[in-house]
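Undergrad: Output the structure for:
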Amino acid sequence: MTQTTTLIDRIVSELLEQGRDAARRLASDEAPALVPVGVSNRHIHLSRPDMDALFGPGAMLTRMKAMKQPGQYAAAETVILRGPRGQIGKVRVLGPLRKETQIEISRADGYALGVQPPLRMSGQLDGSPGLDIVGPQGTVHKPYGVIIAMRHIHMSPEDAAKWGLLNGDEVDVIVDGPRGGVMEHVAIRAAEASALEMHIDIEEANAFGLGNDDLVRIETH
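TA: Numbering: from 1, shown residues only. A predicted model of the protein is given here:
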């Protein structure tokens with residue numbers, strides 16, 4: 001066997017081994033970071049004092065339907081939102097009660113009500129507009145508390161670690177389909193006892209042709 005033949009055999013062997021290594025890496029890659037969608041319509045979270053004022057002292061929420069996030073649910077109770085320009089009825093209350101009342105609406109709802117809510121993460125209420133909340137037992141005026149919820153993904157710390165993410169990170173999300181595209185600046189909310197779910201409002205869902213439980217993909221780098 002000549003030196004040339006030996007060299008060729010060695011090069012071929014190395015190339016074959018590189019190909020096998022690449023195939024093993026491809027086979028061992030984790031599945032795409034797929035996340036189910038949860039579409040959020042307008043709703044309200046109430047504090048204990050506001051619950052008392054709207055529904056009567058000591059009133060309790062009536063659990064109607066469990067939400068995907070552990071411990072959260074849609075209640076049977078609804079309220080009317082009344083702004084400077086108009087009002088919207090049958091706005092669902094979500095439980096459990098919170099420390100502070102928060103009203104989450106769409107931009108179109110804001111036009112109808114005559115308020116201009118900022119795009120915020122839940123709980124970031126400083127500087128937001130207010131309105132009147134009308135219940136069966138009374139009316140509450142809130143000087144602030146109306147927001148458009150920023151799109152975000154709930155996940156466990158284990159899922160976050162698997163995809164190299166941290167609580168508070170922002171990612172791009174890929175939407176497939178005839179109205180697909182890319183959602184940028186999607187916040188990661190990684191916490192214990194969280195179910196994997198991306199929350200978007202109804203306007204975003206309509207723009208991308210998405211419905212509840214449709215799958216989208218986190219763009220991982």
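
Undergrad: List phi and psi for the most centrally placed residue in the chain.
TA: Centroid-nearest residue in the chain: His199, 2.1 Å away (criterion: C-alpha atoms, centre = their mean). Note on His199: its backbone torsions stand at phi -100, psi 120 [degrees, to the nearest 10].

Undergrad: I'd like the distance between it and Thr78.
TA: 20 Å (C-beta to C-beta, to the nearest Å). The C-beta positions use only the backbone N, C-alpha and C, and glycine is treated the same way.

Undergrad: Helices along the protein, start to end?
TA: Here the chain has its helices, by DSSP state H, at 3-28, 48-55, 107-113, 157-162, 202-208.

Undergrad: Can you list the buried residues in the fourth one?
TA: Taking 16 or more other C-beta atoms under 10 Å as the basis for neighbour counts, the residues of helix 157-162 that come out buried are Asp159, Ala160.

Undergrad: go on, stretch 95-106?
TA: Quick answer for stretch 95-106 (16+ other C-beta under 10 Å): Gly95, Leu97, Arg98, Thr101, Gln102, Ile103, Glu104, Ile105, Ser106.

Undergrad: So which of these are in strands?
TA: Gly95, Leu97, Arg98, Gln102, Ile103, Glu104 (DSSP state E).

Undergrad: In this protein, where is pLDDT below threshold?
TA: Across the chain, the ranges flagged by pLDDT under 70 are 1-31, 221.

Undergrad: Show me it divided up by domain.
TA: Following automatic domain parsing, the chain resolves into domains at 41-149, 151-218.

Undergrad: chain center to the first one: distance?
TA: The reference is to domain 41-149. The chain centroid and the centroid of domain 41-149 are separated by 18 Å under C-alpha atoms, centre = their mean, to the nearest Å.

Undergrad: picking that back up, which member of the ones in strands among the buried residues of stretch 95-106 is positioned nearest Lys162?
TA: Checking those against Lys162 with C-beta to C-beta, the nearest one is Glu104 at 29.3 Å.

Undergrad: That closest one - nearest residue in space that isn't next to it in sequence?
TA: Spatial nearest neighbour of Glu104, excluding adjacent residues (C-beta to C-beta, 6 or more residues apart in numbering): Ala149 at 4.8 Å.

Undergrad: Show the contacting residues for the one you found.
TA: Ala149 makes contacts with Ser40, Glu104, Leu119, Arg120, Met121, Ser122, His199, Asp201, as judged by C-beta atoms under 8 Å, 6 or more residues apart in numbering.

Undergrad: and with 7 Å instead?
TA: By C-beta atoms under 7 Å, 6 or more residues apart in numbering, the residues touching Ala149 are Ser40, Glu104, Ser122, His199, Asp201.

Undergrad: what's the closest of the domains of the chain to Ala33?
TA: Comparing the domains of the chain under C-beta to C-beta, the one sitting nearest is domain 151-218, at 3.8 Å.

Undergrad: Thank you, goodbye.
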